[in-house]
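Peer 1: Build the 3D model from these lines:
(one chain, ligands or ions: 1)
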Amino acid sequence: MKTIKNIAVLTSGGDAPGMNAGIRAVVRTGIYNNLNVFGVRRGYDGLVKGEIVPMDAKSVANIIQRGGTILKTARSEEFKSYEGRKQAYENIKKLGIDALIVIGGDGTFTGASKFIEEFDVPILGMPGTIDNDLAGTDFTIGYDTAINTVVDAVDKIRDTAESHDRVFVIEVMGRDSGLIALRSGISTGAEAVLIPELNVDYDAIMKRLDKSRKNKSSRIIIVAEGDKEGGEVVADKIKENFPHYDVRLSILGHIQRGGRPSCMDRVLASRLGVASVEGLLEGRRGEMAGLICGQVQFTPFNKAIKHIDKINENLTRIVEILSL
Ligand code: F6P
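Peer 2: Presented below is the predicted three-dimensional model:
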């Protein structure tokens, strides 16, 4: 096995709060271990275009508390082609980069797996996405901050809903996953949560809404962006069933992706950054570092991208029981 002397770090896919803490941890752990560390700008796009810069301890000073990613990020089309990946390989060879650490979600790890397969580059991953839709880690970097942003926003909407006796349908992020919806729904006392992983029994939801009327004057329905119907259709269905309800739709959008990372995301990113560099030096490849029950564990990329087991149906039961 070739000794690793030079590594590069990149962030890819949607930005997530805590990515900067992850970059900082990789750069400083690399330097601590006498490695040269490079930063790739704009994810795999920067790898293809050769936007690769040396990083030192100072270049990551004062970033642990910042949202977004100082390296910038992208969803690269070019890296999806063999020619793009070949160009990326030539760029890292030119600089003598022996290994990569990629921070992102399922698209990031799918790209990394292809790159390893074709060019045998040692790569480890860190889970960076607000969606929490990766197996092999209880939580992804950015999820905790995002759900707290959602909770803050829904609490504010609840004030208006309560003051005007309204029903609010609130659409939250999660293209393929209902994990943001589920947790934020429980913690804001939502009357119902609709997620892509589970089929919705509309009749049951309508009955629940009607029943809960005697106990409360405002009702909140959280809908994940990836839900089969989506917020707009759900709001229309409620209006149709209950023409006398004052129904509003609120789509939270990208506000959920930004902001200062929570303490939990900073610690998670720091732990996984250290573990990833150490993992590379121990000879690990093609795996994602995650945290399971408080312990760092490595999961092969092809298993990490399957998140479906993370939906705990008991949580949807909790929403129902507590929505009386
Ligand atoms: O992957 C994270 C995520 O926030 C999804 O929940 C959402 O669907 C998507 O990114 C939006 O991506 P973009 O910012 O590219 O529109």
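Peer 1: Does A289 belong to a helix, a strand or coil?
Peer 2: Here A289 is strand, with the state taken from DSSP: H, G, I helix; E, B strand; the rest coil.
Peer 1: so who does it touch?
Peer 2: Counting by Cβ atoms under 8 Å, 6 or more residues apart in numbering, A289 touches 124-127, 137, 272, 275-276, 279, 296-298. Bear in mind the C-beta positions are built from the backbone N, C-alpha and C, glycine included.
Peer 1: quick one: which of those residues is most hemmed in?
Peer 2: In terms of neighbours by other Cβ atoms under 10 Å, these top out with P127 at 33 neighbours.
Peer 1: Neighbouring strands - and their directions - for the one helix or strand it maps to?
Peer 2: Here P127, judged by DSSP states H and E, is contained in strand 123-127. Using DSSP bridges, strand 123-127 pairs in its sheet with strand 99-104 (parallel), strand 287-292 (parallel).
Peer 1: among these, which is nearest the ligand?
Peer 2: Nearest to the ligand, of all the strands paired with strand 123-127, is strand 99-104, at 9.0 Å by Cβ to the nearest ligand atom.
Peer 1: these two touch, right, V40 and T69?
Peer 2: No. Contact between V40 and T69 fails when scored by Cβ atoms under 8 Å: they sit 11.1 Å apart.
Peer 1: those strands in the stretch 101-250 of the chain, which residues are they?
Peer 2: 123-127, 166-172, 192-194, 219-224, 246-251 (DSSP state E, counting those that start in this stretch).
Peer 1: Any chance of the ones you listed in JSON lines with distance to I64 and mean pLDDT as columns?
Peer 2: Below are those laid out as JSON lines (distance: least, Cβ to Cβ, whole Å; pLDDT from 0 to 100):
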{"stretch": "strand 123-127", "distance to I64": "15", "mean pLDDT": "98"}
{"stretch": "strand 166-172", "distance to I64": "26", "mean pLDDT": "97"}
{"stretch": "strand 192-194", "distance to I64": "32", "mean pLDDT": "95"}
{"stretch": "strand 219-224", "distance to I64": "30", "mean pLDDT": "96"}
{"stretch": "strand 246-251", "distance to I64": "31", "mean pLDDT": "98"}
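Peer 1: Show me what from the stretch 101-250 of the chain comes close to the ligand.
Peer 2: When proximity is defined as Cβ under 6 Å from any ligand atom, the stretch 101-250 of the chain approaches the ligand at 105, 129-131, 173-175, 225.
Peer 1: So stretch 77-84, near the ligand or not?
Peer 2: No. Stretch 77-84 stays clear of the ligand (Cβ under 6 Å from any ligand atom), getting no nearer than 12.7 Å.
Peer 1: Return the residues in contact with the most centrally placed residue in the chain.
Peer 2: In the chain, the C-alpha nearest the mean C-alpha coordinate belongs to T129, at 1.7 Å (Cα atoms, centre = their mean). Applying Cβ under 8 Å, 6+ apart to T129 gives the contacts 13-14, 16, 104-106, 140-143.
Peer 1: Just the closest of those to D45, please.
Peer 2: G13 (11.5 Å; Cβ to Cβ).
Peer 1: G105 versus that closest one, what's the distance?
Peer 2: Here the criterion is Cβ to Cβ, to the nearest Å. By it, G13 lies 5 Å from G105.
Peer 1: Just give me the closest of the contacts of A289 to the ligand.
Peer 2: Within the contacts of A289, the smallest distance to the ligand is 11.6 Å, found for P127 (Cβ to the nearest ligand atom).
Peer 1: on that earlier part again, take the residues of the stretch 101-250 of the chain next to the ligand and, keeping just the buried ones, write it as a ChimeraX select command.
Peer 2: In ChimeraX syntax, the buried subset of these is picked out as below (16 or more other Cβ atoms under 10 Å):
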select :105,129,130,131,173,174,225
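Peer 1: Let's have the residues of the stretch 101-250 of the chain next to the ligand in TSV, adding pLDDT.
Peer 2: Listed next are these as TSV, based on pLDDT from 0 to 100:
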residue	pLDDT
G105	96
T129	97
I130	98
D131	96
M173	98
G174	95
R175	91
E225	96
